[in-house]
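S.K.: Turn this into a structure:
(chains A and B)
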Number of protein chains: 2
Amino acid sequence: MTNPTTITTPDGLPFVDIIRDFDAPRELVFRAYVDPDLVRQWQGPRRYVTAIGEWDARTGGAWSYVSTDPDDGAEYGFRGVFHAVDEPTSITQTFEYAGVPGHVNLDRVVFEDLGDGRTRVTSRTAFQSLEDRDGMVASGMSYGVTEGNERLDELLASLA
Amino acid sequence: MTNPTTITTPDGLPFVDIIRDFDAPRELVFRAYVDPDLVRQWQGPRRYVTAIGEWDARTGGAWSYVSTDPDDGAEYGFRGVFHAVDEPTSITQTFEYAGVPGHVNLDRVVFEDLGDGRTRVTSRTAFQSLEDRDGMVASGMSYGVTEGNERLDELLASLA
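M.R.: Now for the predicted structure:
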């Protein structure tokens, strides 16, 4: 049984809201978000290869990575800055896809201890326009997020 | 004749849009946004005293300042990170008021050369909720922005 990833795109508001539970303690789930060697193992769709450029997961730090499609060699670059990293409860960071420069969004991820070694991860992504939000959804965000979370399940089980 | 500051708060969308023209060349207006010694001289309402904590205006840098009300000594702290500083055309940065922690917004400011030594500054601030946007407007943002821009007019004239 895989925990569901619930993705909500509210009508008329430039947000994407995601809720996902993990069968792992909060400290471990948080670590998977801030340790670059863990991030590269679960972030995004399974078939891409992710190379971390930098992942300085502290307030004021920067992050970047490149995902490569092994079928055609196409590279997709992403970067941003960590506005705040408050271990183990929340991370707020910016996000920009190099293919659409100047279109930046703001992610806030909250980690909630559900007890019994389980964790709820809730995120809101705020976009600079409805068009930016709809473009991100149309790009296949849902697929990448859902499969990334399944990869994170496997990584957390291997670390437990 | 003072140039007007046009502030728009679209119904049902968590944005504040601001347009303001300045009778000064773009390079100079941009400098007033990135040089901390200039920023502290125009940012916000006239009666507050602004002390810059840090103002590392480059992609990945951090910023902070404290505004003090000389009447009662009350201090208002603000901080964020620069997602991107692209001289002389745009700045994208996060913004958080210490009095409402965890409520972060994203500013994108674009500097347009109008010719004849004039510059248009257009900004969009994207909030994480409509309530955050409405709270910022209710806090007197309009007054601070408009008076800050008048102070910026005076500073630009003194630098020209």
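S.K.: how close does the nearest residue to A:Glu147 once chain neighbours are set aside get to chain B?
M.R.: Spatially, and ignoring its direct neighbours in sequence, A:Glu147 is nearest to A:Pro45 (5.0 Å; C-beta to C-beta, 6 or more residues apart in numbering or on different chains). Any C-beta I mention is one placed from the backbone N, CA and C, and that applies to glycine too. Shown here: A:Pro45 relative to chain B, a distance of 25 Å by C-beta to the nearest C-beta, to the nearest Å.
S.K.: surely A:Pro45 meets A:Thr146?
M.R.: No. Between A:Pro45 and A:Thr146 no contact is recorded; they are 9.2 Å apart, counting by C-beta atoms under 8 Å.
S.K.: all strands in chain A, in order from the N-terminus.
M.R.: Applying DSSP state E to chain A gives strands spanning A:5-8, A:15-22, A:49-55, A:62-68, A:75-86, A:90-97, A:104-115, A:118-126.
S.K.: can you redo those as TSV with mean pLDDT and distance to B:Ala74?
M.R.: Formatted as TSV, these follow (pLDDT from 0 to 100; distance: least, C-beta to C-beta, whole Å):
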stretch	mean pLDDT	distance to B:Ala74
strand A:5-8	97	39
strand A:15-22	98	33
strand A:49-55	96	39
strand A:62-68	97	34
strand A:75-86	97	24
strand A:90-97	98	26
strand A:104-115	98	28
strand A:118-126	98	29
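S.K.: which one of those strands lies closest to B:Asp71?
M.R.: Closest to B:Asp71 of the strands of chain A is strand A:75-86 (C-beta to C-beta; 31.1 Å).
S.K.: hmm, back to that, could you measure the residue nearest to A:Glu147 against A:Gly140, distance?
M.R.: For A:Pro45, the distance to A:Gly140 equals 8 Å [C-beta to C-beta, to the nearest Å].
S.K.: between these two, which one's more packed in?
M.R.: Taking other C-beta atoms under 10 Å in any protein chain shown, A:Pro45 and A:Gly140 do not tie; A:Pro45 has more neighbours (16 against 10).
S.K.: can you tell me which residues contact that one?
M.R.: A:Tyr143, A:Gly144, A:Glu147, A:Gly148 (C-beta atoms under 8 Å, 6 or more residues apart in numbering or on different chains).
S.K.: what's the answer for A:Arg26, then?
M.R.: Contacts of A:Arg26 by C-beta under 8 Å, 6+ apart are A:Pro88, A:Phe111, A:Glu112, A:Asp113, A:Thr119.
S.K.: rerun that using 7 Å as the cut-off
M.R.: Listed by C-beta atoms under 7 Å, 6 or more residues apart in numbering or on different chains, the contact set of A:Arg26 reads A:Pro88, A:Phe111, A:Asp113, A:Thr119.
S.K.: Just give me the closest of those residues to chain B.
M.R.: Using C-beta to the nearest C-beta, A:Phe111 is the member of those that sits closest to chain B, with 13.2 Å.
S.K.: Would you agree the closest one is in contact with A:Thr89?
M.R.: Yes. Between A:Phe111 and A:Thr89 there is a contact at 5.8 Å, judged by C-beta atoms under 7 Å.
S.K.: Look at these two and report which has more neighbours.
M.R.: More crowded of A:Phe111 and A:Thr89, by other C-beta under 10 Å: A:Phe111, with 21 against 13.
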